[in-house]
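J.: Return a 3D structure for these sequence lines:
(one chain, ligands or ions: 1)
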Amino acid sequence: MGAPRIGVLAVQGDVREHVAVLTALGVEVVAVRRPEQVERIDGLVLPGGESTVMDKLVRAFGLQEPLRSAIRQGLPAFGSCAGMIMLADRISDGAPGQQTLGGLDITVRRNAFGRQVDSFETQLHFAGLDRPVHAVFIRAPWVEQVGDGVEVLATVGEGPAAGRIVAVRQGGLLATSFHPEVSTDRRIHAEFVKIVSSQG
Ligand code: GLN
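T.: So this is what the prediction gives:
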């Protein structure tokens, strides 16, 4: 494959930040808003934002079915924060009627860290990366339960949420509770680009 073409779901959320990181990594980036664009991408990023709004817009734009079927057929995807929720098969504490795209055999809890630690930053050990990542959490979910095929890549190291799962991978699907797109560290996006390139 030449430079992979990676779509960023662009209905809501921090689209621009993901586009900037991916562009800096030398991939071709497409802002995905229309169903026909889904067929022309090699990978998909689901940004952070608000999953309830993202869900409604994905349905309103006719993107839910095309995205679900692309993911089911093996389209690699990376979701950060709200994007992780969109990729989860199950949500605890979802809004009434909230749906996801699914694909990842995990249960996520929305806004899991509670009011006191609504937003925080910490250093995390991330499987496969030599140095810790600086992780920014903003009203983040955590992963409450993982299925057999899901690899845990990072857990919170200290504090009241110590041990909570905040990054997972299942085949071509990658998800983080935090926002690598708001830091200057591009290694997690680079990992995703590697996944996309290896599946082409
Ligand atoms: N709390 C948001 C949600 O439920 C996620 C927050 C984020 O993406 N920063 O979708």
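J.: The worst-scoring helix or strand of the chain on mean pLDDT: which residues count as buried?
T.: Lowest on mean pLDDT, DSSP states H and E among the helices and strands of the chain sits strand 119-124, with a mean of 94. By neighbour count on 16 or more other C-beta atoms under 10 Å, the buried set for strand 119-124 is 120, 122, 124. In short, each C-beta sits where N, CA and C put it, glycine included.
J.: Tabulate the residues you listed (CSV), appending distance to the ligand.
T.: Shown next, in CSV, are the buried residues of strand 119-124 (distance: C-beta to the nearest ligand atom, whole Å):
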residue, distance to the ligand
Phe120, 12
Thr122, 15
Leu124, 16
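J.: Format the residues you listed as CSV; extra columns: distance to Leu87.
T.: Converted to CSV, those look like this (distance: C-beta to C-beta, whole Å):
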residue, distance to Leu87
Phe120, 23
Thr122, 22
Leu124, 19
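J.: how long is stretch 35-50 end to end?
T.: One end of stretch 35-50 to the other measures 21 Å (C-alpha to C-alpha, to the nearest Å).
J.: Flag every buried residue along that stretch.
T.: Here stretch 35-50 shows 37-38, 41-50 as buried, counting by 16+ other C-beta under 10 Å.
J.: now stretch 9-24
T.: For stretch 9-24, burial by neighbour count (16+ other C-beta under 10 Å) applies to 9-15, 17-19, 21-22.
J.: do the same with stretch 55-75
T.: Buried residues in stretch 55-75, counted by 16+ other C-beta under 10 Å: 55-58, 61, 63-64, 66-68, 70-71, 75.
J.: quick one on the thing from earlier: relative to Gly79, which of the buried residues of stretch 9-24 is nearest.
T.: Nearest to Gly79 out of those is Leu9 (C-beta to C-beta; 9.0 Å).
J.: That closest one against Gly43, yeah?
T.: No. Contact between Leu9 and Gly43 fails when scored by C-beta atoms under 8 Å: they sit 11.4 Å apart.
J.: contact partners of stretch 180-199?
T.: In this structure, residues lying in contact with stretch 180-199 by C-beta atoms under 8 Å, 6 or more residues apart in numbering are 1, 4, 6, 14, 17-18, 20-22, 24-25, 27, 42-43, 45, 47-48, 74, 76, 78, 80, 126, 128-129, 133-136, 172, 174, 176.
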